[in-house]
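Trainee: Show me the folded form of this:
(one chain, ligands or ions: 2)
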Amino acid sequence: MLNKTGVPSKEQVLSRFPDNVALLRPKAILECYEDIPCNPCSTSCPFNAIEIGENINKQPKLHTDLCTGCGLCVPSCPGLAIVIAQISGEHAVFKLPYEFLPHPKKGEIWDGVNRSGDVICDAVIEHVLVTNKQDHTAVVTARVPVSFLHDFVTVRVKR
Ligand code: SF4
Ligand code: SF4
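Mentor: Numbers count the residues shown, from 1 in each chain. Ligands and ions are numbered 1, 2, ... in the order given. Here you go, the predicted structure:
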């Protein structure tokens, strides 16, 4: 499916998510589904939570127990393939990379979008982090209903 449409299957997506108990704390979700020579996610993690190994072509593997959800790996990925997810009551809270302008602002409500580009829910913007260290990639914290935990992937300004 990924090869034909660019959209990962439900099984592929679920394979990247820790269980809901682990997600009571923030965890990195590595949506990197192809063997490519790339490893800044692994080298950016101060807790050695992302393993690629000696063969740089291997897909990254998250050691969930080591991941603190710090988010340092999010802007490091050139493919924008990493988000941080956490379950918080009735909501799922995501930290996601965002490279368009204008940036969202705290308190705004944007569209929540799935992996096919469809609008699926409202997303409340909780925080926007932009620093020189992030090489122009903002990290946006957005809150969506928890039922969209495995479907929501990014935000888009309402039209
Ligand atoms: S969120 Fe922090 S601890 Fe977890 S994999 Fe990314 S850099 Fe490592
Ligand atoms: S930095 Fe991104 S694209 Fe590169 S291996 Fe890590 S998750 Fe995949």
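
Trainee: Is ligand 2 within reach of the lowest-mean-pLDDT helix or strand in the chain?
Mentor: Taking mean pLDDT, DSSP states H and E as the measure, the helix or strand of the chain with the lowest value is helix 2-5, at a mean of 71. No. Helix 2-5 lies out of reach of ligand 2 by CB under 6 Å from any ligand atom, never closer than 13.5 Å. Heads up, the C-betas are built off the backbone N, CA and C, glycines and all.

Trainee: how close does the residue nearest to S44 when sequence neighbours are not counted get to N20?
Mentor: The shortest distance from S44 to any non-neighbouring residue, by CB to CB, 6 or more residues apart in numbering, is to S76 (3.8 Å). Separation of S76 from N20 (CB to CB, to the nearest Å): 26 Å.

Trainee: what's the least confident helix or strand of the chain in contact with?
Mentor: For helix 2-5, the surrounding residues in contact (CB atoms under 8 Å, 6 or more residues apart in numbering) are P8, S9, Q12, Y33, E34, S116.

Trainee: 6 Å - rerun?
Mentor: For helix 2-5, contacts defined as CB atoms under 6 Å, 6 or more residues apart in numbering pick out P8, Y33.

Trainee: just stretch 7-15 next, same as before
Mentor: The contact list for stretch 7-15, computed with CB under 6 Å, 6+ apart, reads M1, L2, Y33, R115, S116, H150.
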